[in-house]
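Colleague: structure of the sequence below:
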Amino acid sequence: MSLLQPGLPRQPKPVALDDRARDNLRFIRETMERASSFTAVSGWGGVAMGVTAAGAAVVASRQESATAWLATWLAEAGVAFAIAAWSSMMKARQAKVPLLAGPGRKFALSFAPPMFTGALLTVVLFHAGYSAAIPGVWLLLYGTAIVTGGAFSIRIVPLMGLCFMVLGTVALFCPASWGNALLAAGFGGLHMIFGAVIARNYGG
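Modeller: Next up, the predicted model:
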């Protein structure tokens, strides 16, 4: 004979205290990770930067002077910066997160010094007649900027930076004639590959 009285609902099984504690800790950890990470890195923006870099590599390869070659890549740098800024702003607005506060500010402050160093070394190397070293320096220092800034972003971003650093190291020890192709592989290929992964797995 059942001890339950007819018409009374069954009491739900109580949740174990340790299970509830684990769920709460997981929620807190995930919340803190989201709050401490710059998530406005745009994958589609990276893909677009890769496409324009590939085009710039083709144009640069047809230039007959080092000055024209450098001007082509500097123009591409300006275009890439505009794409990155606009796409990150759009993603931040969509996610309703601040772009230049908290993790975003840390990302920018960590990203800027290697980029400034790269710009300064570009001027020095070009005027000293060492243009062949510029592709390696660009890739290496851009990768460094991505790694340092990526410490405050999603995990795949520092990995992308490490790939740029490896490619930059290779470029420094390769024949000068490989420089333009390696820039295309880095700023074109790596941006498109990692951009597609970020877009697919991290919301655009």
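
Colleague: residue 87 is in contact with residue 94, correct?
Modeller: No. Using Cβ atoms under 8 Å, residue 94 is not in contact with residue 87, being 10.6 Å away. (Each C-beta comes from the backbone N, C-alpha and C, glycine too.)

Colleague: assumed residue 55 was part of a strand.
Modeller: No. According to DSSP: H, G, I helix; E, B strand; the rest coil, the state of residue 55 is helix, so it is not within a strand.

Colleague: against residue 79, how distant is it?
Modeller: Distance of residue 55 to residue 79, computed by Cβ to Cβ, to the nearest Å: 9 Å.

Colleague: for residue 154, same thing?
Modeller: With distances taken as Cβ to Cβ, residue 154 is found 24 Å from residue 79.

Colleague: for residue 48, same thing?
Modeller: To residue 79, residue 48 is 9 Å away according to Cβ to Cβ.

Colleague: what of residue 152?
Modeller: According to Cβ to Cβ, residue 152 and residue 79 sit 25 Å apart.

Colleague: which of those two has more residues huddled nearby?
Modeller: Neighbours were counted for residue 152 and for residue 79 using other Cβ atoms under 10 Å; residue 152 has more, 21 against 16.

Colleague: do I have it right that the more buried one meets residue 110?
Modeller: Yes. Between residue 152 and residue 110 there is a contact under Cβ under 8 Å: 6.6 Å.

Colleague: give the residues shared as contacts by those two.
Modeller: With contacts defined as Cβ atoms under 8 Å, 6 or more residues apart in numbering, no residue is shared by residue 152 and residue 110.

Colleague: for residue 130, give me the pLDDT.
Modeller: pLDDT for residue 130: 93.

Colleague: where does residue 172 land on pLDDT?
Modeller: 94.

Colleague: buried ones in the helix or strand harbouring residue 47?
Modeller: Counting by DSSP states H and E, the element that carries residue 47 is helix 43-61. Neighbour-count burial for helix 43-61 flags 43-50, 52-54, 56-57, 60 (criterion: 16 or more other Cβ atoms under 10 Å).

Colleague: ok so, going back, residue 94 and residue 87 - which one has more neighbours?
Modeller: Between residue 94 and residue 87, counted using other Cβ under 10 Å, the more crowded position is residue 87 (22 against 12).

Colleague: hang on, residue 174 in a helix?
Modeller: No. Using three-state DSSP, the assignment for residue 174 is coil, not a helix.

Colleague: give me the nearest residue to it, chain neighbours excluded.
Modeller: Counting by Cβ to Cβ, 6 or more residues apart in numbering, residue 182 is the residue found nearest to residue 174 once chain neighbours are left out, at 6.8 Å.

Colleague: can you check residue 169 too?
Modeller: The shortest distance from residue 169 to any non-neighbouring residue, by Cβ to Cβ, 6+ apart, is to residue 140 (6.3 Å).

Colleague: check which helix or strand covers that neighbour.
Modeller: Going by DSSP H and E, residue 140 is in helix 134-150.

Colleague: that helix - contacts with which helices or strands?
Modeller: Helix 134-150 sits against helix 103-127, helix 156-172, helix 179-183, with contacts defined as 3 or more Cβ pairs under 8 Å, 6 or more residues apart in numbering; DSSP states H and E.
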